[in-house]
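>>> Output the structure for:
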Amino acid sequence: MKNFRYKLAEFMNGRYGIDQLYKFSLKLCFVLLIVNVFISSSIVSSVIYKIIWIIFIWMGYRTFSKKIYARQKENQIFISIEKKAKKKISLTIRRFKEIKTHRFRKCPNCKTVLRLKRRKGKLIVTCPKCNSKIKVHILF
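Modelled structure (predicted):
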């Protein structure tokens, strides 16, 4: 057993390995497999299986690649996209949770999301980031 571990470690020396993009791809394959169980159409099922195989091959290529800089760059792009998506989702959830007490508006200059207390009528608000005055109309 130790001999196998040594040979595996020796083989992986100088190769990229596993990162966040690999883990996301693995989760995506698992979700596609579960979705495929509930689909009765054979055409859609075969397409999903082909997509899963393409993702698995791509994951293997990335894992065993010796182009470490290129794989790190791919991973950094994925992390930045994931961060933006998580930020947008958390803001949407927060908007739904606070819908009774607050309203959210974007500053037209700097695109910062402003959290305003729910007061009916026209308001003039100062953006904390760019200090511009914004006219806001809250209906309800």
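
>>> Going by C-alpha atoms from here, please, whenever you check contacts or count neighbours.
Will do.

>>> Need the mean per-residue confidence for the helix or strand harbouring R5.
For R5, the host element (DSSP states H and E) is helix 2-12. Mean per-residue pLDDT for helix 2-12: 87.

>>> Strands of the protein, residue ranges please.
102-106, 113-117, 121-126, 133-138 (DSSP state E).

>>> Of all those strands, which one comes closest to C29?
strand 113-117 (34.8 Å; C-alpha to C-alpha).

>>> among the strands of the chain, which is nearest I79?
strand 113-117 (22.3 Å).

>>> which strands and helices sit next to that closest one?
strand 102-106 (3 or more C-alpha pairs under 8 Å, 6 or more residues apart in numbering; DSSP states H and E).

>>> so what secondary structure elements neighbour the strand it packs on?
Checked by 3+ C-alpha pairs under 8 Å, 6+ apart, strand 102-106 has strand 113-117 packed alongside it.

>>> for the strand it packs on, which positions count as buried?
L114 (16 or more other C-alpha atoms under 10 Å).

>>> quick one: it to chain centroid distance?
Strand 113-117 has its average C-alpha position 25 Å from the chain's average C-alpha position, going by C-alpha atoms, centre = their mean, to the nearest Å.
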